[in-house]
Structures are given as C-alpha cells and as structure tokens.
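Visitor: Here is a sequence with its predicted model. Questions after.
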Amino acid sequence: MNILVVGGGGREHALVWKISQSPRVENIYCAPGNPGIATIAQCVDIAVDDLHSLASFARDTHIDLTVVGPELPLTLGIVDFFESCGLKAFGPSQGAAELEGSKAYCKMIMDKYGVPTAQHRTFTDAASARAYVQEKGAPIVVKASGLAAGKGVTVAFTVEEALEAIAHIMEDKVFGTSGDEVVIEDFLAGEEASLLAFCDGKTAVAMVPAQDHKQVYEGDRGPNTGGMGAYSPAPILTPELQQEAMRTVMQPMIDGMAREGRPFKGILYGGLMIDQGRIQVLEFNVRFGDPEAQPVLMRLKSDIVEIMLACVEGRLHETTIEWHDDPTICVVMASGGYPAEYTRGFPISGLDRAAAVEDVMVFHAGTAEKDGQIVNSGGRVLGVTAKGNTLQQAIDRAYAATDCIHWEGAYFRRDIGAKGLKK
C-alpha cells in the first residue's frame, strides 16, 4: 500500500513511525512533513489546507489511504473532498469534525444526547459575555468557539481575568474569526485525562488512556499551550472509570452523531475531568492529540493501518486491538517564550545522542533544515518519547534524552508524569 499522511508535527511523525511498522505498507508520503519525518517517509511540499493539491498528489501517486493528522483540514472537509474524488481517507467528515471546529456546536450535541459536561452559555457579542461573567463570578472558563491550536481556553480565577480573556478573544481577535463566538462555562475541579477512541460511525473502541500537561510551566502554572507533555497510562482513569466513560461519554457521542446524519469515523478524543469518580467532558477533539499520540502510539501493538482501514470501511467491530503494558511518556521541548513570541532558527545539537538512549524516540514537531543543520522553527519543537518497565523508568529515560539536546532558549517541563507517580 501507498500511504499519505497529512501534517507536519510531532503527532504526524509518530503516525508515520507507527505506519512504517505495518507489513502492508510499501511507500509513505507526508505533506508537508518535517526533517524527522523525512528520515522514514518522502516529504511533499503541500500545505495541509491545500485540498486540491493534496487530492491531485494522492491520485497521481496511487495513494491507497490518506491519514489526516491536524484538525484544520478535517474542518475544511478534506475527507469529503477525497471521497468525492474516489480516494480513501481516514478521519471524520466535515460535518462530524464540527465537534472540534465549533465548541458551541459540540456543547449543543452533548446537551442533546445527555453527555455530562459543565453548565455553559454561548455568546456572539462581548457586552453580553461580560455581563454574564459579572453575574456568575469566578472561577470561570472562557473559550474561543473555533480552532485556536489549543490556546483558546482561559481558566479565569478572577472576574478580571475572565473579562480580559473576552476582550482578548472577541475584540482583539487574537484567534481571528475563531473568536467570533465564545463559550463561557462553569469551572470544573478535579484531574484531567485524555481518552481517545477509534471509531467507524457505529462502534467506538477505546485506546489506552493518557494525561496531557497543558500549562507551560511546572506545577500546571502559566498559560495554556498545545501541550507540554503526556504519559500513558493515566492512573486517574481506572479500568472501571474507562468503561464508564465509554458507556456514558464516547458511545453516546457516536450514536448521537449518527442520529444527526453525521456519522463519526476516525479518532474521537474526549478531554475528561474526573473528580471523586465523577466524569465530565471538557471538550472533544476529532483527531489524535498532540502530544498524546506519541506515548499512546508507542504502546500500540496492533497494525495501525489495519485498524484505520476497519474504521473507514465500517467493520471496526471485527477488529482486535492489542496494547503493550509498558508505560510511556512524552516530554515536549519548546522554544523559549512559547506560547508567546519566540525566536526561530537556532541550531539544535545532541539529537543523535538522545536517540541512542534505550527505548527513546525523538519525534520532530517544529523543526526545519537550514544549511545542513536542524533548527527550531516552531513553538513546540521536539517530543522526546520513552517507554520503560515502570513509569519511573520511562521518565528517567525521557529526561536522560532531553538532557542531551540543546539549542538557545530551549525549555521543557521537568514534572511530566509526576502525577502518575503519586498514584
């Protein structure tokens, strides 16, 4: 088979790495890819939102399956467009991808089908949103309804912070049209976990759970990011709670979307808040998380291509999915200043030494090649991912590898996985 992966981040590097292990695969292409991906696949210089060029390439190269990594092309309707061209693509339709493309729509679906989530209101004008916040008080959560690369959520512990977030999103337009609408919801206490599931429109099969670390600084402080690290399994999501989450959260969403005439195929990602055994949904994404994909895919024992084909073809119920027991962890190395302004183009050293650490994979995210050297080109630059017989061993290996890697201003959290150790 010939496979095309759309995207160029750490998630896509992990996907290409996993796909390359399938005996069914002959050639892997990635658009646009990155220097790490280029070591195991042929990178193609096509942007993720250039649907016509991507489809032309897939047709001309006889691509058997296209795997879509990021949310943007999914919300633009890449799967529908490919299918209209007679091409097979893994991911949700544009209608189903609205679960991530519009937080307001997602909340409406959760309410309609009885999926537990925080009380909330949606606003299209800043004055009404401000009045609601002043009436409700803090803590409170303010979210840009559209896509914001994981940075559109403010957990405000004072009314002033919430008002500032509304101005930031709706008036300053820092997220563009994604901030035309805001969702304001009650603050949920507890501990977060990520539960991802393979879906074929009717059936949802859980992956091993993971826990993301969204805030930029240790101790879960500072602004939200796209994710500073993740580990799997997440002890907070016990096997019993995972079964409950599949019964009360994931399967009801799959059933509900089917009833809406938008059957969901691909990856459904539930961001869950767990408090004393009570599960509530923070958000849904419609693709692999980044960085959750890295530790989760490292634990996948089964052939991912077979699973994806079963999802596309509506026969997931016939498929057995196996996982490794070994815990895994991903530590994100970021450019200094991220998620705010940062400088690009610093040479990165130590990648070979890091990759030589036992059971470590260094997944590239925001990297580029310049004058024969790998340089930082994005906010989140590398995802140093390790497995071990124990979580502590995985953590030790990941940090042994991160300590090998250097560039000017490089930053990473040193407490990824610490919550898991406490459990």
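Guide: The structure has been received and is ready for your questions. Numbers count the residues shown, from 1 in each chain.
Visitor: wait, what's in contact with Cys199?
Guide: Val205, Ile254, Phe264, Lys265, Gly266, Ile267, Leu268, Cys311, Leu316 (CB atoms under 8 Å, 6 or more residues apart in numbering). Heads up, the C-betas are built off the backbone N, CA and C, glycines and all.
Visitor: rerun that using 6 Å as the cut-off
Guide: Taking CB atoms under 6 Å, 6 or more residues apart in numbering, we find Cys199 in contact with Ile254, Phe264, Lys265, Leu268.
Visitor: residue ranges of the strands in the stretch 51-200 of the chain, please?
Guide: Counting by DSSP state E, counting those that start in this stretch, the stretch 51-200 of the chain has these strands, from start to end: 65-68, 89-90, 120-123, 140-144, 153-156, 182-186, 191-200.
Visitor: Comparing these by mean pLDDT, which bottoms out?
Guide: Ranked by mean pLDDT, the strands of the stretch 51-200 of the chain end with strand 153-156 at the bottom, a mean of 92.
Visitor: Which neighbouring elements make contact with it?
Guide: On a contact count with 3 or more CB pairs under 6 Å, 6 or more residues apart in numbering; DSSP states H and E, strand 153-156 meets strand 140-144, helix 159-166.
Visitor: the domain parsing of this structure - what is it?
Guide: Using automatic domain parsing, the domain parsing of the chain gives 2-91, 125-180, 191-318, 328-422.
Visitor: Out of those domains, flag the one nearest Val115.
Guide: domain 191-318 (5.4 Å; CB to CB).
Visitor: Quick check: end-to-end length of the closest one?
Guide: Distance between the two ends of domain 191-318: 34 Å, counting by CA to CA, to the nearest Å.
Visitor: so how far is that domain from its chain's centroid?
Guide: The chain centroid and the centroid of domain 191-318 are separated by 9 Å, computed with CA atoms, centre = their mean, to the nearest Å.
Visitor: Over to stretch 353-365?
Guide: 20 Å.
Visitor: now what about that stretch, what contacts it?
Guide: So stretch 353-365 is in contact with 9-10, 13-14, 34-36, 294, 380-387, 397, 400-401, 404-405, going by CB under 6 Å, 6+ apart.
Visitor: switch the cut-off to 8 Å
Guide: Contacts for stretch 353-365 (CB under 8 Å, 6+ apart): 9-10, 13-14, 17, 34-37, 290, 294, 298, 330, 332, 351, 374, 378, 380-388, 394, 397-398, 400-402, 404-405.
Visitor: Any buried residues in that stretch, and which?
Guide: Neighbour counts over stretch 353-365 (16 or more other CB atoms under 10 Å) mark Ala354, Val357, Asp359, Val360, Met361, Val362, Phe363, His364, Ala365 as buried.
Visitor: try stretch 170-178
Guide: Neighbour counts over stretch 170-178 (16+ other CB under 10 Å) mark Met170, Val174, Phe175, Ser178 as buried.
Visitor: Give me the distance between the two termini of it.
Guide: 9 Å.
Visitor: tell me the mean pLDDT for it?
Guide: 94.
Visitor: Now for the closest residue to Ala149 other than its chain neighbours: which residues touch it?
Guide: In space, Ala149 comes closest to Gly226 once its chain neighbours are excluded; the distance is 5.7 Å by CB to CB, 6 or more residues apart in numbering. By CB under 8 Å, 6+ apart, the contact list for Gly226 reads Ala149, Gly150, Lys151, Asp290, Pro339, Gly379, Arg380.
Visitor: Roughly how far does Gly226 sit from Val384?
Guide: 16 Å (CB to CB, to the nearest Å).
Visitor: do the same with Tyr342
Guide: For Tyr342 relative to Val384 (CB to CB), the value is 18 Å.
Visitor: quick one, which of these two is more surrounded?
Guide: Regarding Tyr342 and Val384, a neighbour count based on other CB atoms under 10 Å identifies Val384 as having more, with 32 against 18.
Visitor: Report the strands that pair with the helix or strand harbouring the more buried one, each with its relative direction.
Guide: Per DSSP states H and E: Val384 is located in strand 380-387. Sheet pairing of strand 380-387 (DSSP bridges) gives strand 328-334 (antiparallel), strand 360-364 (antiparallel).
Visitor: Check which element follows it along the chain.
Guide: Next element after strand 380-387 (DSSP H and E): helix 391-402.
Visitor: name the helices or strands packed onto that following helix?
Guide: strand 229-232, strand 328-334, helix 351-355, strand 360-364, strand 380-387, helix 418-422 (3 or more CB pairs under 8 Å, 6 or more residues apart in numbering; DSSP states H and E).
Visitor: related to what we said a few turns ago, out of the strands paired with strand 380-387, which gets nearest to Thr66?
Guide: strand 360-364 (20.4 Å).
Visitor: So which bits of the helix or strand of the chain with the lowest mean pLDDT are buried?
Guide: Every helix and strand of the chain was ranked by mean pLDDT, DSSP states H and E. The lowest is strand 221-224, at a mean of 90. Buried residues in strand 221-224, counted by 16+ other CB under 10 Å: Asn224.
Visitor: That strand: partners in the sheet, and parallel or antiparallel?
Guide: strand 215-217 (antiparallel).
Visitor: Give me the contacts around the strand it pairs with.
Guide: With CB under 8 Å, 6+ apart, strand 215-217 has contacts from Arg221, Gly222, Pro223, Asn224, Thr225, Met228, Ala334, Tyr338, Pro339, Arg413.
Visitor: For those, give me a markdown table that also has distance to Ile3.
Guide: Formatted as a markdown table, those follow (distance: CB to CB, whole Å):
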| residue | distance to Ile3 |
| --- | --- |
| Arg221 | 40 |
| Gly222 | 38 |
| Pro223 | 36 |
| Asn224 | 32 |
| Thr225 | 30 |
| Met228 | 29 |
| Ala334 | 29 |
| Tyr338 | 31 |
| Pro339 | 32 |
| Arg413 | 33 |
